[in-house]
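Visitor: Give the three-dimensional model of this entry:
(one chain, ligands or ions: 2)
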Amino acid sequence: MTMQGLGMLGKAMQKRNMGNNTHVPLNDSVNSIEKELEELNETEEIPTSKEFVFLKNIIGNSNNPNLPILVLDSDLTIIHTTPAVIRLFSQYYDSFSKPFFNVFGKCLEQAELRELLTGIKSHDSGFSWTGTLKHKTPSTTTLYTTTTFIPFLEEDEKVSGYVVYFSDITRDHNNQLRATFQGIMEAAKLKDNETGLHNERVGYYSKKMAEYLYNNKLYSQLDPDFIENIAALAALHDVGKIGTPDYILQKPGKLSELEWEIMREHTINGTFILSSHPVPMAKEIALSHHEWWNGSGYPFMLEGTMIPLSARIVTIADVYDALRMKRTYKKEFSHDETVAHISAGAGTQFDPALVKVFLTIQHDFNEIWNLLRDSDDIEEDMRDRSMEFSAKEETLITPVQE
Ligand SMILES: [Fe+2]
Ligand SMILES: [Fe+2]
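Guide: Numbering: from 1, shown residues only. Ligands and ions are numbered 1, 2, ... in the order given. A predicted model of the protein is given here:
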């Protein structure tokens, strides 16, 4: 059905409902209404009820012929699906000819489900509901939609069905989240300006390792969301340094034991800063990227797989990059020296299984380092190269298998 057709469908239903107080179940009448559309006289007076104006605004006046819309009958069974719905959800659901909640029920928490059911059955909320649905399968990234239920009302306020309209907000949702926390990262960088593109590189190494693990099915908890999340969140591992005093961060010589103690608090501070982040991995990485596999790390001396997988990956990425960097207190390590160091730390500092993976993909780490290494140039130049790399990275990284 075309967009215009849907607008007409709403109109035809309205016409039918307004002129006839007898309840006509939607699932019995959609086909006949579609036929009636052709006969509908375009010049007749357009109904002006609130519902119709609302429907017309949402559906009839839209310039987009591909709106993802479902039509439900009064029992909430899906009786019509636009091609845009099939396209939007093709990787998430395999059938739409079912009760709405059999298809989309798993997207809603209990409280949201109650709120939706109350909304669409209640006069006070206009027999309607708008909320966010989160769609996910093990082989897909999360899709977010703003979802709106609009009722078809008869004169006696009997609901004869609903139009459900989806709007894909995934990109906006993710961009907004990223922009917020990117700002915090930039603030942290101002405090610790020796790090250059270190944070960004740690994100790329971590993503590379997560992709390898996923493609080779090495950890069951790994899915496309994990890869997308670690790529963005690994860069925030040291965000807690925003709370570390400048005289410690910028001290040219060795730190005293007390100063080290304060420095170690950046893991806890990072967890506080990221406490409102909706993805738990953000806190896991900030808190545990200095834990050691043998239990001698900080802040909680976690051991082995008690350390979250995301943090175990970031630990290797972080150390690789820190060793390659030239700092005031250390020389720049070569790739081979760094690989030897990480290899020697398997089972003590690092997860030995991940070190094996690192050894397999070490040349990718070296390539990322070479493409994004810091120079003495101004920071603006670093940002340009980071953007160039983002574009190039699309061709460097093996596509994720679905
Ligand atoms: Fe750190
Ligand atoms: Fe770091």
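Visitor: Could you give the number of residues near the residue lying closest to Glu211 once chain neighbours are set aside?
Guide: In space, and not counting its chain neighbours, Glu211 is closest to Ile227: 5.7 Å by CB to CB, 6 or more residues apart in numbering. The way it works is simple: take the backbone N, C-alpha and C, and place the C-beta from them, glycine included. The number of residues packed near Ile227 is 21, by other CB atoms under 10 Å.
Visitor: Within range of ligand 2, give me the residues from the chain.
Guide: Selection of the chain residues close to ligand 2 by CB under 5 Å from the ion yields Asp238, Asp318.
Visitor: Show me how the record splits the chain into domains.
Guide: The record's domain split for the chain, according to automatic domain parsing, is 3-168, 177-396.
Visitor: Can you lay out these as TSV showing mean pLDDT?
Guide: As requested, these are arranged in TSV below (pLDDT from 0 to 100):
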stretch	mean pLDDT
domain 3-168	74
domain 177-396	89
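Visitor: now the helices for the stretch 301-402 of the chain?
Guide: 309-324, 335-344, 352-372, 379-396 (DSSP state H, counting those that start in this stretch).
Visitor: Now that we have those helices, can you turn them into a markdown table and tack on mean neighbour count?
Guide: Formatted as a markdown table, the helices of the stretch 301-402 of the chain follow (neighbours: other CB atoms under 10 Å):
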| stretch | mean neighbour count |
| --- | --- |
| helix 309-324 | 24 |
| helix 335-344 | 16 |
| helix 352-372 | 17 |
| helix 379-396 | 12 |
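Visitor: Mind putting these into TSV with distance to Glu303?
Guide: Compiled in TSV, the helices of the stretch 301-402 of the chain are given as follows (distance: least, CB to CB, whole Å):
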stretch	distance to Glu303
helix 309-324	11
helix 335-344	19
helix 352-372	13
helix 379-396	34
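Visitor: Identify whichever of the ones you listed lies nearest to Ala235.
Guide: Nearest to Ala235 among the helices of the stretch 301-402 of the chain is helix 309-324 (9.5 Å), distances taken as CB to CB.
Visitor: Once you drop chain neighbours, what's closest to the closest residue to ligand 2 within the stretch 1-150 of the chain?
Guide: The nearest approach of the stretch 1-150 of the chain to ligand 2 comes at Thr141, 26.2 Å away (CB to the ion). Sequence neighbours aside, Pro224 is the residue nearest to Thr141 in space, at 4.5 Å (criterion: CB to CB, 6+ apart).
Visitor: The one you found: what's it in contact with?
Guide: Ser139, Thr140, Thr141, Tyr214, Val400 (CB atoms under 8 Å, 6 or more residues apart in numbering).
Visitor: Count the residues that sit near the first one.
Guide: Spelled out, it's Ser139. 13.
Visitor: Please apply the same query to the second one.
Guide: Here the count is done by other CB under 10 Å, and Thr140 has 14 residues near it.
Visitor: which SS state does it fall under?
Guide: coil (DSSP: H, G, I helix; E, B strand; the rest coil).
Visitor: What distance do you get for Ile248 to Tyr329?
Guide: 13 Å (CB to CB, to the nearest Å).
Visitor: just Ser160 next, same as before
Guide: Distance from Ser160 to Tyr329, by CB to CB: 74 Å.
Visitor: out of the two, which sits in the busier spot?
Guide: Taking neighbours as other CB under 10 Å, Ser160 and Tyr329 compare with Ser160 leading, 18 against 10.
Visitor: Go ahead and confirm that one touches Asp75.
Guide: No - under the criterion of CB atoms under 8 Å, Ser160 is not in contact with Asp75, lying 10.7 Å apart.
Visitor: For Leu72, which non-adjacent residue is spatially closest?
Guide: Nearest to Leu72 is Tyr162, by CB to CB, 6+ apart, at 4.5 Å.
Visitor: residues touching that neighbour, list them.
Guide: Val71, Leu72, Leu76, Ile120, Phe149, Ile150, Pro151, Phe152.
Visitor: that's a strand at the fifth one, yeah?
Guide: Yes - with the criterion set as three-state DSSP, the secondary structure at Phe149 is a strand.
Visitor: mind checking how far it is from Val159?
Guide: Distance from Phe149 to Val159, by CB to CB: 10 Å.
Visitor: Looking at the two, which one has more neighbours?
Guide: Between Phe149 and Val159, Phe149 has the larger neighbour count (other CB under 10 Å), namely 23 against 19.
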